[in-house]
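> give me coordinates for this.
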Amino acid sequence: MAICLTFTLFNGCGQNETTKMATLDDVSNKRIGVYTGTIFDKFAAKRFPRATIFRYNSSSDFVLALKNNKIDVAITNLYSAKNLMKTNPEIGVLADDFLTSPIGIGFNKGNPALRKKFNIFLQGIKADGVYDAMYHQWFDTDLDTVKMPEFKNNPAGQKLILGVAVGDLPNAGYVDGQYVGFDVEMLRTFAQKEKYRLEIVTMEFGSLVAALSAGKVDMIADCIAITEERKAKVDFSDPYLEEKSAIIALKTNLNGSLTAVSKATTMDAIAKKKVGVLQGSVDDAFMASHYPGSHVLQYRSIPDLILALKSGKVDAGFITSQAFFALQKEDQSLQILVDKVFGEPIGMGFNRENVELRKQFNAFLKVIKANGVYDGWVKRWFYDGSTEMPVIDNKKNNGKLTVGNVSDKGLPYTIIKNGRLIGADNELVERFGAYLGKEIVYVDMDFGNLIAAAATKKIDMIASTLMITSERKKQVAFSDPYYEINVCVFGAKNGNKSAPSLFQRFCQSFYSNIILENRYRLILDGLKVTAIISVLSIFCGTMLGGL
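Alright, predicted model coming up:
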């Protein structure tokens, strides 16, 4: 007994073993490993103030620490977690996607021309499909099979020094004597196109920003999250990725099933089930083209699709990644099953004969990208998750602009709040209206009717997250792309439960359509108008009857 008591004082007599973990709250007093200088470092210190933080300069270091029981969990990005689990099957995921951040290339504040040149290049490769090909190679395939393309450096070109940390693939690594990864390939493509002589230097991740500020390098890359603190020292490019997070631990220390990241869910498996899509969306065409034998059900709105999912009518549904993350804040019972099915640029739709209006929007888009308004728009809706519209001054002295819009698209795109349409699409339209001095008149309609309405001149333009496709180009003219969205497949975390009763379905439908979208305000407004008309009718009728 005395021996065990003495041992307990120093080693806990066996109580130092890691308690089984099931949620983020279970990490609050654990030993956490993080990559030095990353957003995960600061997140861990802020989110888990009672935890002990251990900092490492590579993922291999904290994986070794996990295996040797020096730490209980490690925080890294989602893609690194997936790759680590391939080579370390004893590691699992406790939680994923609890923290997301936009990723950009860092430039010295004294070289705005280089940043602008890269942003133009980025828009170009997103438009011509080069970006998607690179993304698919590094993020959707087995990294063991990926090979870097050959690049010819221009010996006579202006030298461009890139700083990287080569921490983890798929972003940047050093394999077989050469720099590889998504970031490296993208920047080598940029350098070759602009005839630069690119030189790559390696340093610790925590030193990248300081090296750029001191002028030792011209650019920094390697999955660098865009934060307010870093923006004070660095000029960032337009976001080119979104970093997602994961907390990993030994499977023996995890309680219950792992999260969606470790499940072998593929589109081949999804296609064998009942899949819900929005009417008239590209999701429907995608399933018909790639999985012609699949069972696809169409729905008029996102709330209808979610209701079908929860009532067991469908097993999975298509939604944009941005809309899903906004939706998940309100409904934690949903999860992503397939992260990125495909990505498409989105634009405003115009009648093919209304060339002038389309040109005006493209000119407006260039103006807001040059003056910083566009960057604020992206940050507000797609990264900060705003639910408030900014104040936009519009003189409205130049007529009206009729805009087709789907009011229940969901944030960040469009919702009704306090009797008013708000969201990313609506802010862009409102700013365009102010640019022209035109009053915006919205026409709420089903998504599947938008293109027909524009083609027959019932509306002046379409503003509803409209993906630019070859088929749609035959009917409407598109503006220049103003954003690119990714499409994912989502489902219920615990699978579909038994179908609810008729009363439960009525309550769910009432909440989704009336309460959640604030449409009860429209009903109240309608009742007020009806009451006024009724009183006036009685009064006028009595007067006329008396006469």
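> please, which helix or strand holds the residue nearest the centre of the chain?
By C-alpha atoms, centre = their mean, the chain has its centre lying nearest to Q322, at 4.0 Å. Assigned by DSSP states H and E, Q322 belongs to helix 321-330.
> do L160 as well
Short version, using DSSP H and E: L160 is in strand 159-164.
> now I247
strand 241-250.
> which other helices and strands contact that strand?
helix 39-47, helix 59-67, strand 73-77, helix 78-87, strand 91-103 (3 or more C-beta pairs under 8 Å, 6 or more residues apart in numbering; DSSP states H and E). Placement of C-beta: from N, CA and C, glycine included.
> deepest-packed of those, please.
Most buried of the helices and strands packed on strand 241-250 by mean neighbour count (mean count of other C-beta atoms under 10 Å) is strand 73-77; its value is a mean of 27.
> contacts for that one, please.
21, 27, 30-35, 40, 43-44, 59, 62-63, 65-66, 84, 94, 168, 223, 243-249 (C-beta atoms under 8 Å, 6 or more residues apart in numbering).
> kindly recompute the last result at 7 Å.
27, 30, 32-35, 40, 43-44, 59, 62, 66, 94, 223, 243-249 (C-beta atoms under 7 Å, 6 or more residues apart in numbering).
> ok, now stretch 449-458?
Here stretch 449-458 has contacts from 349-351, 404, 445, 459, 461-462, 464, 472, 475-476, using C-beta under 7 Å, 6+ apart.
> residues of that stretch that come out buried?
Residues of stretch 449-458 classed as buried: 449-451, 453-455 (neighbour count, 16 or more other C-beta atoms under 10 Å).
> just give me the closest of those to V209.
L450 (44.4 Å; C-beta to C-beta).
> give me the pLDDT for the closest one.
Listed pLDDT for L450 reads 92.
> relative to G280, how far out is it?
7 Å (C-beta to C-beta, to the nearest Å).
> likewise S58?
48 Å.
> the two: who's more crowded?
G280 (20 against 16; other C-beta atoms under 10 Å).
> quick one: contacts for the more buried one?
447-448.
> before we move on, back to that, restricted to strands, list the contacts of stretch 449-458.
349-350, 404, 461-462, 464 (DSSP state E).
> my guess is S281 contacts S464, does it?
No. In this structure, S281 is not within contact of S464 by C-beta atoms under 7 Å, at 10.5 Å.
> tell me, what's touching the two both at once?
F447.
> quick check, pLDDT for Y299.
89.
> burial measure for the spatially closest residue to it that is not a sequence neighbour, as a count.
The shortest distance from Y299 to any non-neighbouring residue, by C-beta to C-beta, 6 or more residues apart in numbering, is to L305 (4.4 Å). L305 has 22 neighbours, counted by other C-beta under 10 Å.
> pretty sure L305 is in a helix, no?
Yes. Per DSSP: H, G, I helix; E, B strand; the rest coil, L305 lies within a helix segment.
> tell me the contacts of Q158?
Contacts of Q158 (C-beta under 7 Å, 6+ apart): 196-197.
> do that again at 8 Å, thanks
195-197.
> can you pull the phi/psi pair for it?
Dihedral angles of Q158 (phi, psi; degrees, to the nearest 10) stand at phi -70, psi 130.
> what does the pLDDT read for it?
93.
> so L169 is in which element?
Counting by DSSP H and E, L169 is found in no helix or strand.
> next secondary structure after the helix or strand bottoming out on mean pLDDT in the chain?
Ranking every helix and strand in the chain by mean pLDDT, DSSP states H and E puts helix 2-11 at the bottom, with a mean of 40. Once the chain leaves helix 2-11, the next helix or strand it forms, by DSSP H and E, is strand 31-35.
> the helix holding Q322: which residues count as buried?
321-327.
> do the same with stretch 398-411
401-411.
> dig out what V441 forms beta bridges with.
In this entry, V441 is beta-bridged to T402, by DSSP bridges.
> returning to what we had before: in ChimeraX, how would I select just the buried ones from the contacts of Q158?
Under the burial definition 16+ other C-beta under 10 Å, those of the contacts of Q158 that qualify are selected in ChimeraX by:
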select :196
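> can I get the contacts of Q158 in JSON lines with pLDDT and secondary structure?
Output for those, formatted as JSON lines (pLDDT from 0 to 100; DSSP: H, G, I helix; E, B strand; the rest coil):
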{"residue": "K195", "pLDDT": "92", "secondary structure": "coil"}
{"residue": "Y196", "pLDDT": "94", "secondary structure": "coil"}
{"residue": "R197", "pLDDT": "94", "secondary structure": "strand"}
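> ok, back up a step: just the buried subset of the contacts of stretch 449-458, please.
349-351, 404, 445, 459, 461-462, 464, 472, 476.
> W381: which of these is nearest?
For the buried ones among the contacts of stretch 449-458, the nearest to W381 is S464 (14.4 Å; C-beta to C-beta).
> state the distance from that closest one to Y374.
Distance from S464 to Y374, by C-beta to C-beta: 19 Å.
> what's around P239, how many residues?
P239: 20 neighbours (other C-beta under 10 Å).
> quick one: it and G104 touch, right?
Yes. At 5.4 Å, P239 counts as touching G104 under the criterion of C-beta atoms under 8 Å.
> which neighbours do those two share?
In contact with both P239 and G104: I226, using C-beta under 8 Å, 6+ apart.
> max-length helix in the protein?
Across the chain, the longest stretch assigned as helix under DSSP state H is helix 520-546.
> tell me how far that one lies from the chain's centre.
47 Å (C-alpha atoms, centre = their mean, to the nearest Å).
> quick one: mean pLDDT for it?
82.
> start at 2 instead
Right, with 2 as the first residue, what we last looked at is helix 521-547.
> list the buried residues in that helix.
For helix 521-547, it's none, nothing buried (16+ other C-beta under 10 Å).
> cool, and stretch 274-286?
275-279, 281-285.
> next, the distance between the ends of it.
17 Å (C-alpha to C-alpha, to the nearest Å).
> do the same with stretch 308-325
15 Å.
> how about low-confidence regions in the stretch 102-251 of the chain?
168 (pLDDT under 70).
> where exactly do the strands run in it?
107-108, 160-165, 174-176, 179-181, 198-203, 220-221, 236-237, 242-251 (DSSP state E, counting those that start in this stretch).
> okay, those strands, which one's buried deepest?
It is strand 220-221: most buried of those by mean count of other C-beta under 10 Å, with a mean of 28.
> which other residues reach that one?
106-108, 115, 119, 161-165, 188, 209-210, 212-213, 235.
> going by distance to V379, which of the buried residues of helix 322-331 wins?
Nearest member of the buried residues of helix 322-331 to V379, counting by C-beta to C-beta, is Q323, at 10.6 Å.
> these two touch, right, that closest one and G386?
No. In this structure, Q323 is not within contact of G386 by C-beta under 8 Å, at 9.6 Å.
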